[in-house]
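>>> Here is my input, please return the structure:
(chains A and B, ligands or ions: 1)
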Amino acid sequence: MTKTEARDRMADVMERFLTLASRRLPDDVYAWLKRCRDAETSPLQKVVYESYFENLEMAQKLDRPCCQDTGLPHFYIRCGADFPWIGAVEPALRQAVARATVSAPLRPNAVDFFTERNTGDNTGERMPWLHWDIVPDSSDLEICTYFAGAGCSLPGRAQVFKPADGYGAVVRFVFDAVSGLALNACPPLIVGVGLGHNIENAGVLSKMACLRPLGTRHPHPKGEKLERDLLAGLNALGVGAQGLPGDRIAMAVHVESSARHTATIAAAVNVSCYTHRRGFITFHEDMSFDQSSYQGVTL
Amino acid sequence: MKKILTLPIREEDILGLHAGDVIYLTGTIATGRDDVHRRVVAEGMASPFDLRDGVIFHAGPIVREGPAANELISVGPTSSVRMEAFEAQFIEKTGVRLIIGKGGMGPATAEACRRYKAVHCVAMGGCAVSAASQVERIEACYWRELGMPECMWVLRVREFGPLVVSIDAHGGDLFAATRAEVARRREACEGPIAESVKDYMVVE
Ligand code: SF4
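Predicted coordinates:
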């Protein structure tokens, strides 16, 4: 295989994968959304969830993006150090985004700064947004795709605290974020909390927390307890789907952490809406691929 | 029984609505979000579509544009709060009766709804395909230079909904009430958690 062939193949597969990911929720998110529906009792909440599930069904049947805000394309990449086509990845993803904008179709959302023009195809300066991690002793390329919508991006925030503020400041910071603009972010939400030492490291971690498969836990028992307590606490605020009165503002709270500077505690909160359009796909060195997000779907 | 309002919307239709009601709409409505509001209010331009006794929908659709016709692929509400700075004047200037969006709005809009007999409703965010299926056709498009999401699309809709009345003309405001309830409950929800992590700074 030449580099050009590898790039074309990846662009082709990713165009189809993006199209799929814009139409349907990953299996875990769909299952969690059902649980949230079953936990709600008010008639108004029932109206909301009926609309949610009817829409998801129609999106599949009519082959259309389930939400009109198909966001901006983010790719969180775990690249094996021995994956042979590293140079093909960026151009392939750029091409896939531009093509899926027409074929899916995705809404053109990318506006470059200063020119203030919509680019028309969802690519632009540093867009699609790529985040790379290198995985030693692997020849696979794992890509996590995510459509970052506006409503669910707006509540995001990060702040650096002093150690004297302690973990309590983090707890209050999460409540601040979720009880503010997040009401508009189409709950039930996935709340990602990043703990680090400065804003960009906490920010990236908060995003990784959002992208984690549902049902996974922070590895430290105290981190896991914090996730559980925050979920229960947020869900006792009296808010449900669409920010209307209810009992499930969040379907999950995930915490990701890195070591912190001895003299700082940074926290970031990133939320995802109920149409959490996150997909995992893995390419192998011969450019064959498999995906685990949508059971029973062949691309 | 579905409660269906038909355009044009009269003052007495509005007075019959209360926060929390679920309604559906039939008639011709227009989309308008950040840029449309800015043009009408800050730049003093007249709305290219007459909104008197009509409906403005805070939305940016996906449209497949063709030489002969435009096809609406999906449409759904965007966060109304972004339009808060303009909405009261927008209502006053255009005479619009019903605003559709997502999430709550602020006190200025609520006051304008009371004064000019208008309501704000929420459509279900993210439900863009079912919403599009309730749109019979695209009747017109104005200000296309603003980009596909920001320009004004004029849509003929049939039993468009469900819409939940969030701000009525009698002073009712569902999201303000929810926010007040959140503020009331918050300390009881977050206090014990903040307390329980006090010893997290202790070296293990
Ligand atoms: S918050 Fe999510 S579901 Fe709601 S409109 Fe935005 S992208 Fe769609």
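>>> what about the helices in chain B?
Along chain B, counting by DSSP state H, helices occupy B:11-15, B:34-37, B:84-94, B:107-116, B:128-133, B:174-196.
>>> Quick one: closest of those to the ligand.
Shortest distance between the ligand and these, using Cβ to the nearest ligand atom, is found for helix B:128-133: 7.3 Å. Where C-beta positions appear, they are placed from N, C-alpha and C, glycine not excepted.
>>> how far away is residue B:19 from residue A:274?
Separation of residue B:19 from residue A:274 (Cβ to Cβ, to the nearest Å) stands at 23 Å.
>>> Could I get the pLDDT score of residue B:80?
At residue B:80, the predicted lDDT confidence score is 95.
>>> Tell me which residues touch it, please.
Shown in contact with residue B:80 (Cβ atoms under 8 Å, 6 or more residues apart in numbering or on different chains): A:184, B:58, B:87, B:99, B:101, B:102, B:103, B:104, B:105, B:120, B:122.
>>> closest to the ligand among those?
In terms of Cβ to the nearest ligand atom, no member of these lies closer to the ligand than residue B:102, at 6.5 Å.
>>> still on that earlier bit, who's more crowded, residue B:19 and residue A:274?
Higher neighbour count among residue B:19 and residue A:274: residue A:274, with 27 against 20, using other Cβ atoms under 10 Å in any protein chain shown.
>>> what about the more buried one, is that helix, strand or coil?
coil (DSSP: H, G, I helix; E, B strand; the rest coil).
>>> hey, where'd the helices end up in chain A?
Using DSSP H, helices in chain A cover A:3-23, A:27-39, A:43-62, A:86-103, A:150-153, A:166-179, A:199-211, A:221-234.
>>> okay, now residue B:146: neighbour count?
Using other Cβ under 10 Å: residue B:146 sits among 19 other residues.
>>> Over to residue A:132?
Residue A:132: 12 surrounding residues under other Cβ under 10 Å.
>>> quick one: it from residue A:209, how far?
18 Å.
>>> can you check residue A:246 too?
According to Cβ to Cβ, residue A:246 and residue A:209 sit 24 Å apart.
>>> Equivalent analysis for residue A:276, please.
To residue A:209, residue A:276 is 12 Å away according to Cβ to Cβ.
>>> which residues does the closest residue to residue B:175 other than its chain neighbours contact?
Distance criterion Cβ to Cβ, 6 or more residues apart in numbering or on different chains; nearest residue to residue B:175, sequence neighbours excluded, is residue B:104 at 2.6 Å. Each residue near residue B:104 by Cβ under 8 Å, 6+ apart is listed here: A:183-184, A:243, B:80-81, B:120, B:166-167, B:173-176, B:178-179.
>>> Mind checking the helices of chain B for the one nearest to residue B:52?
Proximity to residue B:52 (Cβ to Cβ) singles out helix B:84-94 among the helices of chain B, at 6.8 Å.
>>> what's across from the residue nearest the centre of chain B in the sheet?
Central residue of chain B (Cα atoms, centre = their mean): residue B:101, 1.8 Å from the mean position. In this entry, residue B:101 is beta-bridged to residue B:122, by DSSP bridges.
>>> That one against residue B:76, yeah?
No. Residue B:101 lies out of contact with residue B:76 (Cβ atoms under 8 Å); the separation is 10.2 Å.
>>> shared neighbours of the two, anything?
Residues within reach of residue B:101 and of residue B:76 at once, by Cβ under 8 Å, 6+ apart, are B:59, B:123.
>>> okay, now residue 43: neighbour count?
Using chain A here. 9.
>>> Hmm, no, I was thinking of chain B.
For residue B:43, the count of nearby residues is 8 (other Cβ under 10 Å).
>>> likewise the one 5 residues further on?
Here the number of neighbours of residue B:48 (other Cβ under 10 Å) works out to 17.
>>> thought it was touching residue B:143?
Yes. Look at residue B:48 against residue B:143 with Cβ under 8 Å: they come within range, at 6.6 Å.
>>> any residues in contact with both of the two?
Residues touching both residue B:48 and residue B:143 by Cβ under 8 Å, 6+ apart: residue B:152.
>>> Look at the residue lying closest to residue B:176 once chain neighbours are set aside and report its pLDDT.
In space, and not counting its chain neighbours, residue B:176 is closest to residue B:104: 6.4 Å by Cβ to Cβ, 6+ apart. Looking at residue B:104, its pLDDT is 92.
>>> do the same with residue B:151
96.
>>> Neighbours of the closest residue to chain B within the stretch 51-200 of chain A, how many?
Nearest to chain B in the stretch 51-200 of chain A, going by Cβ to the nearest Cβ, is residue A:184, at a distance of 3.1 Å. For residue A:184, the count of nearby residues is 27 (other Cβ under 10 Å).
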